[in-house]
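Visitor: Can you look at this prediction? I've put the sequence above it.
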Amino acid sequence: MTVQDIRAFNRFYTNVIGALDYSRHLYAPFTLTESRVLYELAHSPHTDAADLRSELSLDAGYLSRILNRFEQDGLIERAPSQRDPRRRQVTLTVRGRETAALLAERADESVGALLATVPDADRPRLSEALHTVRTILSEDSEDVRRSRPEDVVLREPGPGDLGWIVQRNAALYAAEYDFNADYEGLVARIVADFAEDHDPHLERVWIAELDGRAVGCVMCVRDDAPGAARLRLLLVEPDARGLRIGDQLVAAVVEFARGVGYRDLVLWTNDILGAARRIYQRHGFVLTAEKPHRSFGQDLVGQDWRLDLHGTGE
């Protein structure tokens, strides 16, 4: 790897994404930097100019000119910051939010068109390569830490995602709780049952995605008890924890189960999974039973939890 290798890649990639002519690329009167400022304002409701300078590494004078133009065009409002009166808080107006949303939509369409040229078989390799570049170049920086809950996308599983659920469950539970291969077998059976025979109107899988990478999952399937659904296989990758992904996944299951008419939502877990249990409690689940058992090579205490979808959860 040489300096010229990186510079050659930079020239290639800036041409691919249209960075040098961004306004024409998105059919909008904004440069790439201006579009990024609008993006930050749309995703950080309590932002002042100093925050923007730090976040985007911009020259103060350059940023000031951008904000002056935005204010003249009715895209932003500036007022004394509640945190520090010496600073000016910057917020988007209604017109500004609409403009930011339009830019985001056009950017998604542009990237979607680019991705459409990539064969399905090559997409996992491309995703992994992008993640590898970001991870290596972000090491010892604050880039990964700056990920925010609103950056997480919940989506349906695509090709390979169900296999990923099995692999990541097996690997994480072996690493964190020393579970043996029996657990992988259990997860594989659960996933295989879903893949082979599920009602898409009453059962669903969610994949949590961050920066194009799967970082979490959960399932909602029919339970044996009449009128009940079962939450299964909640998982969040260690490097993505702290973004409330588990809460988002559980909330998605609760909303779905309630929306399709289930009366109860149940789940089974083990007492060693403290973080997961706290998520369930926040969403109103109530512990209904506990029982010691020997599974996955460990002595555990299994727990049954229940949420009354049309009551108080009591």
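Guide: Yes, it's here.

Visitor: where do the helices sit along this structure?
Guide: For the chain, applying DSSP state H gives helices covering 3-16, 22-25, 32-43, 49-56, 60-72, 94-115, 123-138, 161-177, 181-196, 245-259, 274-282.

Visitor: Going by mean pLDDT, which of the ones you listed comes out lowest?
Guide: With a mean of 68, helix 22-25 has the lowest mean pLDDT of those.

Visitor: how many other residues sit next to the residue lying closest to residue 22 once chain neighbours are set aside?
Guide: Leaving aside its sequence neighbours, residue 22 sits nearest to residue 32 (Cβ to Cβ, 6 or more residues apart in numbering; 4.0 Å). (Glycine included, C-beta is placed from N, CA and C.) The local packing of residue 32 (other Cβ atoms under 10 Å) involves 17 other residues.

Visitor: can I assume residue 32 is in contact with residue 38?
Guide: No. Assessed by Cβ atoms under 8 Å, residue 32 is found out of contact with residue 38, at 10.9 Å.

Visitor: State the distance from the residue nearest the centre of the chain to residue 248.
Guide: When the chain is reduced to its mean C-alpha position, the closest residue under Cα atoms, centre = their mean turns out to be residue 152, at 1.9 Å. Distance from residue 152 to residue 248, counting by Cβ to Cβ, to the nearest Å: 6 Å.

Visitor: do the same with residue 111
Guide: Counting by Cβ to Cβ, the gap from residue 111 to residue 248 is 23 Å.

Visitor: again with residue 285
Guide: On the measure of Cβ to Cβ, residue 285 and residue 248 end up 16 Å apart.

Visitor: quick one, which of these two is more surrounded?
Guide: More crowded of residue 285 and residue 248, by other Cβ under 10 Å: residue 285, with 23 against 19.

Visitor: Is it correct that the more buried one is in contact with residue 306?
Guide: Yes. Residue 285 lies in contact with residue 306 (Cβ under 8 Å); the separation is 6.6 Å.

Visitor: Return every residue with contacts to both of these two.
Guide: residue 265 (Cβ atoms under 8 Å, 6 or more residues apart in numbering).

Visitor: Dig out what the residue nearest to residue 291 when sequence neighbours are not counted forms beta bridges with.
Guide: Nearest in space to residue 291, with sequence neighbours left out and distances taken as Cβ to Cβ, 6+ apart, is residue 302 at 5.2 Å. Beta-bridge pairing for residue 302 (DSSP bridges): residue 270, residue 291.

Visitor: and residue 302, what is it in contact with?
Guide: So residue 302 contacts 268-271, 290-293, 295 (Cβ under 8 Å, 6+ apart).

Visitor: Any figure for the gap between it and residue 205?
Guide: In terms of Cβ to Cβ, residue 302 sits 23 Å off from residue 205.

Visitor: Start and end of stretch 211-229, how far apart?
Guide: Counting by Cα to Cα, to the nearest Å, you get 31 Å between the two ends of stretch 211-229.

Visitor: chain center to it: distance?
Guide: The chain centre lies 16 Å from the centre of stretch 211-229; the measure is Cα atoms, centre = their mean, to the nearest Å.

Visitor: What of stretch 150-159?
Guide: Counting by Cα atoms, centre = their mean, stretch 150-159 comes out at 7 Å from the chain centroid.

Visitor: How about residues contacting that stretch?
Guide: Residues from elsewhere that reach stretch 150-159 (Cβ under 8 Å, 6+ apart): 43, 120, 165, 204-211, 215-217, 240, 243, 245, 248-249, 252.

Visitor: Mind doing that once more with 7 Å?
Guide: 43, 120, 205-210, 243, 245, 248-249, 252 (Cβ atoms under 7 Å, 6 or more residues apart in numbering).
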